[in-house]
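**Q** the following comprises the amino acid sequence and a computationally predicted model.
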Amino acid sequence: MKCNDKLAPFEVFDHVVNKKLSFRHVTMDDVDMLHSWMHEEHVIPYWKLNIPLVDYKKHLQTFLNDDHQTLMVGAINGVPMSYWESYWVKEDIIANYYPFEEHDQGIHLLIGPQEYLGQGLIYPLLLAIMQQKFQEPDTNTIVAEPDRRNKKMIHVFKKCGFQPVKEVELPDKIGLLMKCEQNVFEKRWSDWKMNKF
């Protein structure tokens, strides 16, 4: 089973930013769009997938065939602008780095087009995904492991309820393992909806 396949498709209207947020599963039809995002200046240092299209097609197909994760495209008012990987920790390399629980989930994400950067839109998107992920009855923890150099993303995760655990040396980066427990998330979710974020 894909990681929490109930994640997508779904859409919500966020009254704080006054925009419709929607998420759907990635298909191979998205390959050109995603490939172009991987060549954006703000994406290259952390994803390292600024590779030829033929190679990225193979990469994407491999990831789509990987049952431990679910790939999604996030949109604002119907316009695709973000890429998400949701995964089961127990089947991921990060399971080697902390004492995980059976239903822990993880998340990777990026904003593609530069015009969506710096507008605070990552917060409602990430909170919406987390809210969906916590609908999995036995999930109490979500983890992330952003590159330790990616200060902006680390700040985003912290603001959404993630706490740093430790640095971890992964095959492609030195990441900062971060965890968010459900009770902490519920407080951040409530703060966001009440515009106290």
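**A** Yep, it's here. Numbering: from 1, shown residues only.
**Q** buried set for the helix or strand hosting Ala75?
**A** Ala75 belongs to strand 69-76 when assigned by DSSP states H and E. Going by neighbour count (16 or more other Cβ atoms under 10 Å), the buried part of strand 69-76 is Gln69, Thr70, Leu71, Met72, Val73, Gly74, Ala75, Ile76. Quick note: C-beta positions are derived from backbone N, CA and C, even for glycine.
**Q** ok, stretch 138-149 next?
**A** Per 16+ other Cβ under 10 Å, stretch 138-149 contains these buried residues: Thr139, Asn140, Thr141, Ile142, Val143, Ala144, Glu145, Pro146, Asp147.
**Q** related to what we said a few turns ago, distance to Lys19 added to the buried residues of strand 69-76, as JSON lines?
**A** Shown next, in JSON lines, are the buried residues of strand 69-76 (distance: Cβ to Cβ, whole Å):
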{"residue": "Gln69", "distance to Lys19": "27"}
{"residue": "Thr70", "distance to Lys19": "23"}
{"residue": "Leu71", "distance to Lys19": "22"}
{"residue": "Met72", "distance to Lys19": "17"}
{"residue": "Val73", "distance to Lys19": "16"}
{"residue": "Gly74", "distance to Lys19": "12"}
{"residue": "Ala75", "distance to Lys19": "10"}
{"residue": "Ile76", "distance to Lys19": "5"}
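**Q** what residues does stretch 123-130 touch?
**A** 7, 12, 14, 16-17, 19, 21, 23, 72, 74, 76, 82, 84, 86, 107, 109, 142, 156-157, 159-161, 180, 185, 188-189, 192, 197 (Cβ atoms under 8 Å, 6 or more residues apart in numbering).
**Q** now the buried members of these.
**A** Looks like the contacts of stretch 123-130 have 7, 14, 17, 19, 21, 23, 72, 74, 76, 82, 84, 86, 107, 109, 142, 156-157, 159-161, 180, 185, 188-189, 192, 197 buried, using 16+ other Cβ under 10 Å.
**Q** hmm, back to that, which of the buried residues of stretch 138-149 fall in strands?
**A** Of those, the ones assigned to strands by DSSP state E are Thr141, Ile142, Val143, Ala144.
**Q** among the buried ones among the contacts of stretch 123-130, name the ones in helices.
**A** Taking DSSP state H as the definition of helices, those contribute Val156, Phe157, Lys159, Phe185, Arg188, Trp189, Trp192.
**Q** residues touching the fourth one, list them.
**A** If a contact means Cβ under 8 Å, 6+ apart, then Phe185 has Met130, Gln131, Phe134, Ile142, Cys160, Gly161 as its contacts.
**Q** before we move on, what about the second one?
**A** Taking Cβ under 8 Å, 6+ apart, we find Phe157 in contact with Leu126, Ala144, Pro146, Met178, Cys180.
**Q** quick revisit: what is the nearest of the buried residues of strand 69-76 to Asp29?
**A** Val73 (10.2 Å; Cβ to Cβ).
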